[in-house]
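Visitor: give me the fold of what follows.
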Amino acid sequence: MSEVLPLKISSKDNPKFKTLLSLLESKGRKKSGLFLVEGIREIQRALSSGYQLDHWAVADSEKGDEAFEIIAPLTQSQCYSLAQPLFKQLAYRDEVVNAIAAFTMKQKNIHDISLPEFPLVIVLDGLEKPGNLGAILRSCDAAGADAIFITRPQTDLFNPNLIRSSLGCFFSQQIACGTEEEVYQFLIDRKIQIYATYFDDAVDAFQPNYRLGTAFVMGGEAFGISEFWVKNNTHKIFVPMRGIADSLNVSTCTAVLLYEALRQRR
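Guide: A predicted model of the protein is given here:
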């Protein structure tokens, strides 16, 4: 249990504050190997998932003091109390978030993934928006997906907006990055049927049987799935559209497919 009170920081030139500020950018995260987590609940989930806390900060306020009392017993890492103008530069949700932490990144390797007999997994191919990725992780957590694979990533997996929009579900999921070939072979070796979202020569997404091992391949917001998934013996499915819109947001579409699989499996 930490018994050391937070060290106060009021200057923007303080090295610790500069380190935290640098983690808002991909370059800073790559250089330090650290990433930011906002919020008491999210920090607790990161700690319970085995992520190493490097250092953390609370707002210099009454609510910041409350956040310190909750988190301090969970870690020996140094805490800093940031003047409100400094804390607002770090926290996207500064009105409701009173703690922010720098954790050490973990490598996300395909071969570390462990699956049950008939897994339900998601493959995210070329997704660009971290907010969509975070929302998908929430759906995966809610529907009980077993793993998420990311191919051709167009955003940093440790982007603060991704972590934030997942509401801590980033830490509850098995996530791995790999090439299309690596992920495809991983799925084929385990006899997991692959369903790619695609319009041409596709069937209604509510027709197939998802009770066996199933992977849904979801494409990026701008260009969809790559030709690799189209050509490599995958089943093509589409979600029916009855209005004037010709597509759903990728996070919404993923949630629809996950819950159809969950419905069948129940």
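
Visitor: show the pLDDT at Ala261.
Guide: Note on Ala261: pLDDT of 98.

Visitor: cool, and Val97?
Guide: With respect to pLDDT, Val97 has a value of 83.

Visitor: so what's it up against?
Guide: Taking C-beta atoms under 8 Å, 6 or more residues apart in numbering as the contact definition, Val97 lies against 38-39, 91. No exception for glycine: its C-beta is placed from N, CA and C like everyone else's.

Visitor: neighbour count and pLDDT added to these, as CSV?
Guide: Compiled in CSV, these are given as follows (neighbours: other C-beta atoms under 10 Å; pLDDT from 0 to 100):
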residue, neighbour count, pLDDT
Glu38, 23, 94
Gly39, 22, 93
Ala91, 21, 88
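
Visitor: quick check: which ranges of this structure have low pLDDT?
Guide: 1-4, 94 (pLDDT under 70).

Visitor: next SSE after the helix or strand hosting Ala142?
Guide: Assigned by DSSP states H and E, Ala142 belongs to helix 130-143. Read in the C-terminal direction, the helix or strand following helix 130-143 is strand 147-151, with elements assigned using DSSP H and E.

Visitor: what's the spacing between Arg211 and Arg266?
Guide: Using C-beta to C-beta, to the nearest Å, one obtains 10 Å as the distance from Arg211 to Arg266.

Visitor: my bad, Gly28
Guide: 45 Å.

Visitor: hmm, back to that, which of the residues in the helix holding Ala142 are buried?
Guide: For helix 130-143, a neighbour-count test (16 or more other C-beta atoms under 10 Å) marks 130, 132-141, 143 as buried.

Visitor: can I get those residues in JSON lines with distance to Phe103?
Guide: JSON lines is the format used below for the buried residues of helix 130-143 (distance: C-beta to C-beta, whole Å):
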{"residue": "Pro130", "distance to Phe103": "17"}
{"residue": "Asn132", "distance to Phe103": "22"}
{"residue": "Leu133", "distance to Phe103": "18"}
{"residue": "Gly134", "distance to Phe103": "16"}
{"residue": "Ala135", "distance to Phe103": "21"}
{"residue": "Ile136", "distance to Phe103": "21"}
{"residue": "Leu137", "distance to Phe103": "16"}
{"residue": "Arg138", "distance to Phe103": "19"}
{"residue": "Ser139", "distance to Phe103": "23"}
{"residue": "Cys140", "distance to Phe103": "21"}
{"residue": "Asp141", "distance to Phe103": "19"}
{"residue": "Ala143", "distance to Phe103": "26"}
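
Visitor: one step back: just the contacts of Val97 now: which is nearest Gly219?
Guide: Sorting the contacts of Val97 by how near they are to Gly219, with C-beta to C-beta, puts Glu38 at the top with 28.8 Å.

Visitor: pairing partners for the closest one in the sheet, please.
Guide: Glu38 forms beta bridges with Ile100, as assigned by DSSP bridges.

Visitor: what are the boundaries of the strands in the stretch 101-250 of the chain?
Guide: Secondary structure of the stretch 101-250 of the chain by DSSP state E, counting those that start in this stretch: the strands cover 120-125, 147-151, 175-177, 193-197, 203-204, 214-219, 235-238.

Visitor: so which of those strands comes closest to Glu62?
Guide: Proximity of the strands of the stretch 101-250 of the chain to Glu62 was assessed by C-beta to C-beta; the nearest stretch is strand 175-177, lying at 36.2 Å.
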